[in-house]
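> I'd like to go over a predicted model; first the sequence, then the structure.
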Amino acid sequence: MALKMDNMGIVVEDLGTVIDFFRELGLELEGQGVIEGEWAGAVTGLGDQRVEVAMMRTPDGQGRLELSRFLEPQVVADHRTAPVNALGYLRVMFSVDDLDDTLERLARHGAQLVSSEIVNYEGVYRLCYVRGPEGILLGLAQPLGGS
C-alpha cells in the first residue's frame, strides 16, 4: 500500500528556465544540487551518471516536482511535444485560485494554451492544458464556488 506520493520527476534541458516557470506558478525551490556516484546509477540503471537536480514543492508542502538535467549520460529520447493521447507521461495538474491570472503570468514564461478554449467542467472547475518551457504539459484547474 502506498502511503503518499513523494514527487514526480521531469527531465529538462534548461533547469533555470523551468525553475523560474514553476516559481511563477507558485512552487518553491526546496533545494538544488548535483547527484552522482555509484548509488545513483544503481537506482536508475544508467551506471555512471551526473545529474543536476532541483526539487520544487507546492506551497502546502504536499506535492513536489524533481526537475533533472542530465549531464552524463546524454539524453537519449525526447517526447515533450507528444500529443495528449500518447502513451506514457501525460501532464501534471495543478489547482489554482485564479486561472486567468495564472495564465497571464505563465504566458510571460512562454506558456501557451493547448486549445483556444478554457472549459467549464460541470460547474465544478474551469480547466485547461498549457505547454510551458520545453513543451512541458500542465493541466490547470480553478475550483468554482458551490459544493
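That came in fine, so what should we check first? Numbering: from 1, shown residues only.
> make it CA atoms for all contacts and neighbour counts henceforth
Will do.
> how close does the residue most central in space within the chain get to F22?
Nearest to the geometric centre of the chain sits V92, at 5.7 Å (C-alpha atoms, centre = their mean). According to C-alpha to C-alpha, to the nearest Å, V92 and F22 sit 12 Å apart.
> how far is the helix or strand of the chain at the bottom of the mean pLDDT ranking from where the chain is centred?
None of the helices or strands of the chain scores lower by mean pLDDT, DSSP states H and E than helix 38-44, at a mean of 83. The chain centroid and the centroid of helix 38-44 are separated by 23 Å, computed with C-alpha atoms, centre = their mean, to the nearest Å.
> output that helix as PDB, restricted to C-alpha atoms.
C-alpha atoms of helix 38-44 as PDB (Å, rounded to 0.1, in the frame of the first residue of the first chain):
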ATOM      1  CA  GLU A  38      27.700   4.600  -7.900                       C
ATOM      2  CA  TRP A  39      24.500   4.500  -5.800                       C
ATOM      3  CA  ALA A  40      22.700   6.900  -8.200                       C
ATOM      4  CA  GLY A  41      23.500   4.800 -11.300                       C
ATOM      5  CA  ALA A  42      22.400   1.700  -9.400                       C
ATOM      6  CA  VAL A  43      19.000   3.200  -8.700                       C
ATOM      7  CA  THR A  44      18.300   4.400 -12.300                       C
END
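> what does that helix contact?
47-49 (C-alpha atoms under 8 Å, 6 or more residues apart in numbering).
> can those residues go into a markdown table with extra columns for neighbour count and distance to L138?
Shown next, in a markdown table, are these (neighbours: other C-alpha atoms under 10 Å; distance: C-alpha to C-alpha, whole Å):
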| residue | neighbour count | distance to L138 |
| --- | --- | --- |
| G47 | 16 | 31 |
| D48 | 15 | 31 |
| Q49 | 20 | 28 |
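> with pLDDT as extra columns, can I get the residues you listed in TSV?
Formatted as TSV, the contacts of helix 38-44 follow (pLDDT from 0 to 100):
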residue	pLDDT
G47	84
D48	87
Q49	88
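> possible to save those as a markdown table with secondary structure and distance to V130?
Below are the contacts of helix 38-44 laid out as a markdown table (DSSP: H, G, I helix; E, B strand; the rest coil; distance: C-alpha to C-alpha, whole Å):
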| residue | secondary structure | distance to V130 |
| --- | --- | --- |
| G47 | coil | 35 |
| D48 | coil | 35 |
| Q49 | coil | 31 |
